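[1] need coordinates for the following:
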Amino acid sequence: MFGGVERSLTPGTAILLVGIAVTAVLNARYAFPARLLVGLRRYQVAGDLSPAQKPRGKKVKSKKKEDEETSDIDNLLLVPTTFKETWALRFYNLYDGLVALAELSLLVSVLSVAYGWFFQDYPPHLGLALGALCIVASLAALVRTELVARSTRTSDKIMCVIYGAGALVAAMMTQVKDPLWAPTQRQALAVRPLNDLVRAWGGRVRAPPKITLAGLRWALAGAAGALASILLIPTLRFASALDLQRRVPAWASDYIPDSLWLRTRLHIQFIAPLVASMLWGSMRADVLFRVPPSHARLIQAAALILAALASLANVSLLVQRYLDTGLLAWYSLRVPVEGGLTDAGLRRELVRRKVSLTGLLAGRAAVQAVAPAVLLLGMGLVQLHNGLHPGLSREADVNGLLDVMLGFLAWLKEPARLFGETEEERAARLERAEREVSITDEAAGGQQANFNIEYARQQRKRARGEEKPVEAPAPAEPSGAALDPEQEALMAAFRAAAEEHAAASLPLEDALARQLRRWCADWEADLEARPEQEMLAGLKMIVDAMKGRNYLHAYKIYMGIAIGNSPWPIGVTQVGLHERSAREKISFKSSMSTAHIMNDEATRKFIQALKRLMTFCQRRYPTDPSRSVDFDGLGTEGRGAAGGGSDKLALLSALRSGEDVTPAPAPSVMEGNAVKIPPRWEHQIRHAMESVAQSETLKRA
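    Next comes the predicted model:
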């Protein structure tokens, strides 16, 4: 009890405290970080030793005899590093902290896994926190020892920045293409722990920001550029050490041991991190090993942790080979070459500075040798956390889910991808489309059906009081439960499948007739369900004009119905495409200004059929050319009753047979000696609509 509140110790906290205590005791007793560097051979000029300092180790003697002025250069001393000298190295605190953090992380991970196996309750977020701490600490140590260190040359810093910028651009270009080495599944798995950390850190103060997949891709590209900038100089430094081990000079074979085992260890130091990183990011481990995603993450975690352990085991060898590069500097300056430096005193000073600088940078080299291993360890712990918590991670393949999502969007007649659309926006669009979807028969209008027109028609019916009252649903049968909308849609799909199966068993002629009758019935019901007053008025005027064989006037009314007051489409403003001038101002200031031909597919086909009927009537019942539309447009022989033909031949044939081709007087623009003002369009359509209304009244009576 503390302050009246009972505070229980969680298993994760207990394991962390035990790990800290054990790590502190072992490091205090055995000094593991220092033992990795104790005994390393450092090179020192014999003349630099103080009188009280006795040389330890053997001398590196030159095979050639030089004069007395350079005798101290020829006699380098191999000085083994002691505990005291190790603790005095520069950046030793960073080195000691990284090694201690690696020990603590490994110990806590082993204890957590053992606790989870025994009690089936792995402590949550403990491995994730340690992994994140390892990653941050290793990157901070690399930056501290190289990029922001005063001893680093400015040219090297500029080179690192340029190299990092190039890596950033390359990573961005690769991320935009959604490559195999960074699939969406890996990114989605990485979002969850990052969001957990952000939520735990800032959730109490304000709503924490949500990390999206697009933001994570840019963050990964930035991390790749920063990592390339940080690791450039350490990689070059240790690459020279690897080259020294691979090709030991003949004069240094007595002082640098050369064996297959040592070369293999150094090769593992460079190859193991690359293989582990590729297994983590590039290859789909679940497909490669044919295991579930959770087991694949455990395999990736094991590869990363093993690579980290191999790197930690080779720290001493790697730092020793870096110190051996001072021997190469001594050998290159010991003997003057032709055209090179000949002053003995200056050469002696250069040797002393080069050898002493290599020894002073031993602490930096130790940090840069341990930091990549700790970085791999942190990545492995994060992946181990994801593998041991299958309930907290996405078990489903996110790439597969994206494919299914694209398929659903195509099924809902939605574009699969929009320009610049992210996965989150695409998922939101799919959710919105699923909410707004309505299961209807495709034969009732299809893709080009205009539902806005249907809605407006229903609104007009409701305003006129023509909407039928909604009938109460029939009471459900006592033997069955009421079906929800999803079950009703499923039953409708079953009925449609049964009808298709029954139609497939019919003869071809019967199946075609059955389907055509169904479509015609649907079309008739659709046309009967929308009594457009304007359309009826226009049809009445067209029929009256055609009865009087005034096809030009009927065509003008047809154009008013089809186009109305809507703008002319692109391409029809050329002179000669229409009888009516394309540049005159259309000013039908009535409700007839709607372009009915553009409404939906059924109306367009209906009006086009009426236009074909007008063309047929003009050739079947010819009239004066001044009252015709495109008179004698076709020169084909015949009257054209079966299709094409000549209006002129049809008119001559009618005149020879004594047929009255002008049953009604043609409209005139003159009235007496004055110009007759034609009736305005709104007056004509209003008069026609009054006739339609009278007809409807007589029909009801």
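
[2] tell me the contacts of Ala272?
    306-307, 310-311 (Cβ atoms under 8 Å, 6 or more residues apart in numbering). C-beta here means a position set from N, CA and C on the backbone, and glycine is covered the same way.

[3] Arg627: which of those is nearest?
    Set against Arg627, the nearest of these by Cβ to Cβ is Ala307 (93.6 Å).

[4] how deep is the closest one tucked in, by neighbour count?
    Ala307: 27 surrounding residues under other Cβ atoms under 10 Å.

[5] that one contacts Met379, doesn't it?
    No: using Cβ atoms under 8 Å, Ala307 is not in contact with Met379, being 9.4 Å away.

[6] ok, Ala228 to Ala221 distance?
    Plainly put, Ala228 is 11 Å away from Ala221 if you go by Cβ to Cβ, to the nearest Å.

[7] what do these two both touch?
    The contact sets of Ala228 and Ala221 overlap at Leu168 (Cβ under 8 Å, 6+ apart).

[8] pLDDT of stretch 101-115, averaged?
    Averaging pLDDT along stretch 101-115 yields 84.

[9] equivalent analysis for stretch 303-315, please.
    For stretch 303-315, the mean per-residue pLDDT is 84.

[10] list the buried ones in that stretch?
    For stretch 303-315, burial by neighbour count (16 or more other Cβ atoms under 10 Å) applies to 303-305, 307-312, 314-315.

[11] before we move on, what about stretch 146-153?
    Of the residues in stretch 146-153, 146-147 count as buried by neighbour count, 16+ other Cβ under 10 Å.

[12] what's in contact with that stretch?
    Stretch 146-153 has contacts (Cβ under 8 Å, 6+ apart) with 156-157, 160, 229-230, 233-234, 361, 364, 368.

[13] so among these, where is pLDDT lowest?
    In terms of pLDDT, the lowest of these is Leu361, showing 69.

[14] now the closest residue to Pro123 other than its chain neighbours: how far from Leu107?
    Nearest residue to Pro123, sequence neighbours excluded (Cβ to Cβ, 6 or more residues apart in numbering): Gly12, at 3.3 Å. Here Gly12 is placed at a distance of 14 Å from Leu107 (Cβ to Cβ).

[15] kindly report the same for Pro234.
    As judged by Cβ to Cβ, Pro234 and Leu107 stand 27 Å apart.

[16] look up phi and psi at Leu40.
    phi -70, psi 140 (degrees, to the nearest 10).

[17] mind listing what it touches?
    Per Cβ under 8 Å, 6+ apart, neighbours of Leu40: 80-81, 316, 319-320, 323, 362.

[18] make it 6 Å
    Leu40 makes contact with 81, 320 under the criterion Cβ atoms under 6 Å, 6 or more residues apart in numbering.

[19] so how far is Ala489 from it?
    Look at Leu40 and Ala489: by Cβ to Cβ, they are 76 Å apart.

[20] same deal with Val108?
    Counting by Cβ to Cβ, the gap from Val108 to Ala489 is 54 Å.

[21] ok, now Trp261?
    71 Å.

[22] neighbour-wise, which of those two wins?
    Remark: of Trp261 and Ala489, Ala489 carries more neighbours, 14 against 7, as counted by other Cβ under 10 Å.

[23] in what helix or strand does the residue nearest to Pro123 lie?
    Using DSSP states H and E, Gly12 falls within helix 11-30.

[24] also Glu500?
    According to DSSP H and E, Glu500 maps onto helix 485-504.

[25] so which elements touch that helix?
    If you count contacts as 3 or more Cβ pairs under 6 Å, 6 or more residues apart in numbering; DSSP states H and E, helix 485-504 packs onto no helix or strand.
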